[in-house]
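Trainee: no FASTA, just this:
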């Protein structure tokens, strides 16, 4: 018996030593500088990946990433909707700190974020470290300069600029084409999921020509975001094996299985390239699934748009051959943006000191992350339900304070005792409530320092930054108009400005300059006159005056132009449109 026990002990020691020898230290891993393939899906619920438990969906290719690496069971997206999650992922900072508390949409009247162009992205940091950086798929952080993928650090972009597609086969949004190859407008044929997978496989094959340069490929699928449009052959398979399944649910199951098969093709291309052994593969999503579209976030409550865990808990797994032991699990409660410092550390660079994210590297060899932190979530949205306001959630240790719109009362849950969030303790544990509420207010104040709308041509910052406003005005609005006519229109624009001055949108400009009455204005020097006026005129022309002439009572003492007669206003508007088109 003693001899047998001793043999088992010695065998265990030998196995442990061999295991340790087979998994290089992370110091060696950093020296190896892995390639990085980040697969990021859209509205992908926790219950839509079969490795997490019994499901109607079969995802063998996604499951294989977890089987060959580490499965995370308690990771959350940074937001319950798209753009803020992506902004946080690409900056390592909470989304409202980089100007994206809400969704950036193709319709500017319903857009609730502006991605701060001064903040370095993950692509910037990895590019500076010698990586080739590529984004294939969905961007959703801006439609124009300075917030296009190529301008935000990606050397290669092949995908979709906008928020969502109205169809996966036409690829358009509200009748416009946002598909691009770098800056070039393209019109590819086929299902978007297939296209993105083909382009990713093509990119991986191309990297074999430069095997010594590491790459970062951010593969961001639109799927399984609605509209739910699976290819017919995938839907037929689901109906055949489950003929009684609800049709809406069957379509979503087929949609996810098509996505999984496409990911399988990308992984096969990585294997065929010979680069898989030194490539870290990460799979995760931007937020939970949409319940109205029959998506599954089991076992968590709620879904997309909610701050319940069904809207926040997402699938998360990492495969790194020779560095992460296959079949391992981690219950670390982190956020998806923790990938930012993780990747930067493995690339051999120092993370930005202003990050909110924490590197996951210690977990890869079985270590722990003991540093405590709040997990903060924010979403700003329009419409009558939200009113353009934000609503927040905060997790601190085992406690979660949250609400799902700006006007409902806060709810408090003990996630350790009540992981499905069924017992609201907001009125029963006021001490914890007040503690989390104070911490939340701190995060809200930090986010409040970051503008979340694009700079306007009439704000004070733009005026100060404009070294030649007259040249700007001439170039944009009237390049072929004579100086005499320009002078005439400056005088007419001055009259417009008197009525407009109390209604410009920027409070700083209002405080500093709008208090000037007509007499003081006329006494100012011509340089001041010619600085402010072209900016105002430019704003009116570029907006086509639609934003400033809304409502039935835009005249009169409480209207937009209280000092301007109606006849003059009508003439001025028509002249502006004809003489100075946007």
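Mentor: Sure, I can see it. Everything quoted here is computed from the prediction, not taken from an experiment.

Trainee: can you tell me which residues contact residue 196?
Mentor: Listed by C-beta atoms under 8 Å, 6 or more residues apart in numbering, the contact partners of residue 196 are 136-137, 159, 219-222, 262. C-betas here are computed from N, CA, C, even on glycine.

Trainee: out of everything not next to it in sequence, what's closest to it?
Mentor: Nearest residue to residue 196 in three dimensions, chain neighbours excluded: residue 137, at 4.5 Å (C-beta to C-beta, 6 or more residues apart in numbering).

Trainee: which residues does that neighbour bridge with?
Mentor: Assessed by DSSP bridges, residue 137 has beta-bridge partners residue 159, residue 220.

Trainee: Tell me, how many residues neighbour it?
Mentor: 26 (other C-beta atoms under 10 Å).

Trainee: so it sits right up against residue 225, yeah?
Mentor: No: if you go by C-beta atoms under 8 Å, residue 137 and residue 225 don't touch, sitting 11.4 Å apart.

Trainee: and for these two, which residues touch both?
Mentor: Common neighbours of residue 137 and residue 225 (C-beta under 8 Å, 6+ apart) do not exist.

Trainee: for the chain, what are the low-confidence residue spans?
Mentor: 1-31, 456-582 (pLDDT under 70).

Trainee: report the longest helix in it, please.
Mentor: When the chain is parsed with DSSP state H, its longest helix is helix 247-273.

Trainee: Run through the residues that contact the residue nearest the centre of the chain.
Mentor: Nearest residue to the geometric centre of the chain (C-alpha atoms, centre = their mean): residue 86, 2.3 Å. Applying C-beta under 8 Å, 6+ apart to residue 86 gives the contacts 40, 100, 139-141, 220, 286.

Trainee: where along the stretch 151-300 of the chain do the strands fall?
Mentor: 156-160, 172-173, 176-177, 179-181, 184-185, 215-220, 279-285 (DSSP state E, counting those that start in this stretch).

Trainee: can you redo these as CSV with distance to residue 377?
Mentor: Output for the strands of the stretch 151-300 of the chain, formatted as CSV (distance: least, C-beta to C-beta, whole Å):
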stretch, distance to residue 377
strand 156-160, 25
strand 172-173, 26
strand 176-177, 31
strand 179-181, 30
strand 184-185, 35
strand 215-220, 20
strand 279-285, 15
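
Trainee: Out of those, which gets nearest to residue 63?
Mentor: strand 279-285 (9.8 Å; C-beta to C-beta).

Trainee: Pull the residues that contact the helix or strand following the closest one.
Mentor: Once strand 279-285 ends, the next helix or strand along the chain (criterion: DSSP states H and E) is helix 309-312. Applying C-beta under 8 Å, 6+ apart, the external contacts of helix 309-312 come out as 45-46, 76-77, 80, 287-289, 291, 297, 300-306, 377, 393, 415, 419, 421.

Trainee: If you rank the contacts of residue 196 by neighbours, which is first?
Mentor: That'd be residue 159 among those, by other C-beta under 10 Å, with 29 neighbours.

Trainee: can you pull the contacts of it?
Mentor: Counted by C-beta under 8 Å, 6+ apart, residue 159 has contacts 135-139, 149, 179-180, 196, 199, 220.

Trainee: can you rerun that using 10 Å?
Mentor: Neighbouring residues of residue 159 by C-beta atoms under 10 Å, 6 or more residues apart in numbering: 134-140, 149, 171, 178-181, 186, 192, 195-196, 199-200, 218-222.

Trainee: Going through the residues you listed, which ones are buried?
Mentor: 134-140, 149, 171, 178-180, 192, 195-196, 199-200, 218-222 (16 or more other C-beta atoms under 10 Å).

Trainee: Dump the contacts of residue 86 to TSV, plus distance to residue 426 and secondary structure.
Mentor: Formatted as TSV, the contacts of residue 86 follow (distance: C-beta to C-beta, whole Å; DSSP: H, G, I helix; E, B strand; the rest coil):
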residue	distance to residue 426	secondary structure
40	34	strand
100	29	coil
139	38	coil
140	34	coil
141	35	coil
220	37	strand
286	28	coil
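
Trainee: and of these, the nearest to residue 385?
Mentor: For the contacts of residue 86, the nearest to residue 385 is residue 100 (20.0 Å; C-beta to C-beta).

Trainee: Tell me who's in contact with residue 420.
Mentor: Here residue 420 is in contact with 299-302, 308-310, 413 (C-beta under 10 Å, 6+ apart).

Trainee: Relative to residue 58, which of those is nearest.
Mentor: Distances from residue 58 to those, taken by C-beta to C-beta, are shortest for residue 299, at 18.7 Å.

Trainee: That closest one: how many residues sit nearby?
Mentor: With other C-beta under 10 Å as criterion, residue 299 counts 14.

Trainee: can you check residue 452 too?
Mentor: 22.

Trainee: Hmm, residue 96 and it touching each other?
Mentor: Yes: assessed by C-beta atoms under 10 Å, residue 452 is found in contact with residue 96 at 7.0 Å.

Trainee: quick one on the thing from earlier: flag every buried residue along the longest helix of the chain.
Mentor: Applying 16+ other C-beta under 10 Å to helix 247-273 flags 249-264, 266-267, 269-270, 273 as buried.

Trainee: same for that helix, what does it pack against?
Mentor: strand 35-41, helix 60-67, helix 192-207, strand 215-220, helix 232-241, strand 279-285 (3 or more C-beta pairs under 10 Å, 6 or more residues apart in numbering; DSSP states H and E).

Trainee: Work out the gap between the fifth one and the centre of the chain.
Mentor: On the basis of C-alpha atoms, centre = their mean, to the nearest Å, the separation between the geometric centre of helix 232-241 and that of its chain is 33 Å.

Trainee: Use 816 as the first number for this chain going forward.
Mentor: Understood, numbering begins at 816; the last thing we discussed is helix 1047-1056.

Trainee: by contact count, what packs against that helix?
Mentor: Against helix 1047-1056 (3+ C-beta pairs under 10 Å, 6+ apart) you get helix 1062-1088.

Trainee: Give me the distance between the two termini of stretch 1026-1034.
Mentor: Using C-alpha to C-alpha, to the nearest Å, the end-to-end distance of stretch 1026-1034 comes to 20 Å.

Trainee: buried stuff in that stretch?
Mentor: Under 16+ other C-beta under 10 Å, the buried positions of stretch 1026-1034 are 1029-1034.

Trainee: and of those residues, the nearest to residue 877?
Mentor: residue 1034 (12.7 Å).

Trainee: Quick check: the closest one vs residue 1011, distance?
Mentor: 7 Å (C-beta to C-beta, to the nearest Å).

Trainee: Quick check: neighbours shared by these two?
Mentor: 951-953, 974, 1077, 1081.

Trainee: wait, what's in contact with the residue nearest to residue 996 when sequence neighbours are not counted?
Mentor: Spatial nearest neighbour of residue 996, excluding adjacent residues (C-beta to C-beta, 6+ apart): residue 973 at 5.3 Å. Residues near residue 973 by C-beta under 10 Å, 6+ apart: 949-952, 964, 994-997, 999, 1001, 1003, 1010-1011, 1013-1015, 1017-1018.

Trainee: Surely residue 1057 touches residue 1064?
Mentor: Yes: Residue 1057 is within contact range of residue 1064, at 8.9 Å (criterion: C-beta under 10 Å).

Trainee: Look up the residues that both of the two are in contact with.
Mentor: residue 871.

Trainee: would you turn the shared contacts of residue 1034 and residue 1011 into TSV with distance to residue 1129?
Mentor: Listed next are these as TSV, based on distance: C-beta to C-beta, whole Å:
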residue	distance to residue 1129
951	20
952	17
953	16
974	21
1077	19
1081	19
